[in-house]
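>>> I need the structure of the sequence given here:
(one chain, ligands or ions: 1)
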Amino acid sequence: MLVRKVFMSSLLVSLMAIASLASADQSFVKTTDGSALKIDSGLFDTPAAKEFLATGKNSYVGNAEAVAKGKKIFGMYSCTQCHGPEAKGQVGPGLVGPTFRYTKDATNKGMFETVWAGTNGGMGAKGIGLMDATDPKNGVTPDELLKVIAWIRSNGTVTGNE
Ligand code: HEC
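As a prediction, this is how the structure comes out:
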């Protein structure tokens, strides 16, 4: 009986491990200190955002409609003020690469983390819930940020999905 119980529970543990591997989402880290960045998976509420959560790929890159929306959002969140109308730099650095202040920003996952939770060098968090201490609903959603990144990529040669 005991042997059987042990067997059953180890079977359960292995099944759970397999299940968590099968649905393993990307784990994000903060650009500021490399610590874990938890983002509510419920915020990834569009097909593109879900795909990004699962794979780290931004399917909006090269999608003209998403790129046009991203350009609008870039203006709405005043990114333009610091990074210029074509994201090639103004007060803040250019964002189109091919070299980046944070080398991981050559990937879409890395750039997402940088914009979502900010840096130590003058770039505040823009993710919803982090951007504005007075309003938890203020800030970009994952889907919006993927569109913004798609627009940034459209101005350079790096796609971030390499
Ligand atoms: C108040 C000015 C300001 C605003 C507004 C701003 N940024 Fe920045 N951003 C900066 C500065 C300054 C840096 C450099 C930070 C550093 O060196 O740590 C930066 C860095 C970045 C980087 C990293 C670039 C690299 O080379 O690794 C990205 C990506 C970025 N910003 C995107 C955005 C986006 C998208 C928005 C709008 C949602 C935005 N920024 C709004 C000032 C700003």
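
>>> Going by C-alpha atoms from here, please, whenever you check contacts or count neighbours.
Noted.

>>> ok, and the closest non-adjacent residue to the residue positioned nearest the centre of the chain?
Nearest to the mean C-alpha position of the chain, by C-alpha atoms, centre = their mean, lies residue 112 at 3.0 Å. Excluding its sequence neighbours, the residue lying closest to residue 112 (C-alpha to C-alpha, 6 or more residues apart in numbering) is residue 145, at 7.0 Å.

>>> Kindly report the same for residue 157.
residue 98 (7.1 Å).

>>> cool, residue 119 as well?
Per C-alpha to C-alpha, 6+ apart, closest to residue 119 is residue 32, 4.8 Å.

>>> cool, and residue 52?
Using C-alpha to C-alpha, 6+ apart, the closest residue to residue 52 is residue 58 (5.7 Å).

>>> interface residues of the protein facing the ligand?
Contact residues (C-alpha under 6 Å from any ligand atom) of the chain with the ligand: 74, 77-79, 82, 92-93, 95, 100-102, 105, 111, 114-115, 119-123, 126.

>>> among those, which are in strands?
Using DSSP state E to define strands, no part of these is located there.

>>> Select only the buried ones of those in ChimeraX?
Here is the ChimeraX selection string for the buried members of those, based on 16 or more other C-alpha atoms under 10 Å:
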select :74,79,82,92,95,105,111,114,115,119,126
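
>>> so where's the chain uncertain?
1-23 (pLDDT under 70).

>>> mind listing the strands for it?
Under DSSP E, the chain gives strands at 28-29, 36-37.

>>> Ranking the ones you listed by mean neighbour count, which comes first?
With neighbours taken as mean count of other C-alpha atoms under 10 Å, these reach their highest mean count in strand 28-29, at a mean of 18.

>>> Against which helices or strands is it packed?
Counting contacts by 3 or more C-alpha pairs under 8 Å, 6 or more residues apart in numbering; DSSP states H and E, strand 28-29 packs against strand 36-37, helix 108-117.

>>> For residue 28, which of the ones you listed is the nearest?
strand 36-37 (5.1 Å; C-alpha to C-alpha).

>>> Apart from its neighbours in sequence, what residue is nearest residue 136?
Of all residues not flanking residue 136 in the chain, residue 129 sits nearest, at 4.2 Å (C-alpha to C-alpha, 6+ apart).

>>> For that neighbour, the count of nearby residues, please.
19 (other C-alpha atoms under 10 Å).

>>> got a list of what it touches?
The contact partners of residue 129, by C-alpha atoms under 8 Å, 6 or more residues apart in numbering, come to 135-139.

>>> Of those, just say which sits nearest to the ligand.
Distance to the ligand across these (C-alpha to the nearest ligand atom) is lowest for residue 139, with 8.2 Å.
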